[in-house]
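> A predicted structure for the sequence below; I have some questions about it.
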Amino acid sequence: MLGKIVSFLKNRRIWWYEPKRAALHEQCPCCDYLSLPERGADLICPICFWEDDGQDLDNVDVPSGPNHAITLRQGRNNFHSFGACEKEMVKYVIPDHERSKFTHQPRHL
């Protein structure tokens, strides 16, 4: 049995997602930085660690499945409070001094 599992794992192909545009032109709905190559592709923002499922400011109070059922409003408030969409994600976001490499276009609810 173990031999079959090892054989399967050796022959398995790994598919890597590559965005259509490599440049960061899309605004994260949580932190408002232009940090995503495209919207709605479940990409994770390096600034706030929100997983973009396509939700935007027109649905701020709908729980987001990929983001542990927090709402976009909660994620935005968390980002303003401590720099990530959730406390557990603070250790994964890029440092504050690197944010200057990204364009920030703040929006208000």
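Yep, it's here. Residues are numbered from 1 along each chain as shown.

> can you list contacts of stretch 85-94?
Around stretch 85-94, the neighbours that count as contacts under Cβ atoms under 8 Å, 6 or more residues apart in numbering are 30-31, 46-50, 67-68, 70, 75, 78-79, 82-84. Backbone N, C-alpha and C define where each C-beta goes, glycine included.

> what about that stretch, distance to the chain center?
Relative to the centre of its chain, stretch 85-94 is centred 11 Å away, using Cα atoms, centre = their mean, to the nearest Å.

> ok, now how distant is the residue lying closest to residue 30 once chain neighbours are set aside from residue 76?
Spatial nearest neighbour of residue 30, excluding adjacent residues (Cβ to Cβ, 6 or more residues apart in numbering): residue 50 at 3.6 Å. Remark: distance between residue 50 and residue 76 (Cβ to Cβ, to the nearest Å) = 9 Å.

> before we move on, back to that, what about the contacts of stretch 85-94, which are in helices?
Helix and strand membership here follows DSSP state H; of the contacts of stretch 85-94, those in helices are 75, 78, 79, 82.

> buried members of those residues into ChimeraX, please.
What follows is the ChimeraX syntax for the buried subset of the ones in helices among the contacts of stretch 85-94, where burial is set by 16 or more other Cβ atoms under 10 Å:
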select :75,78,79
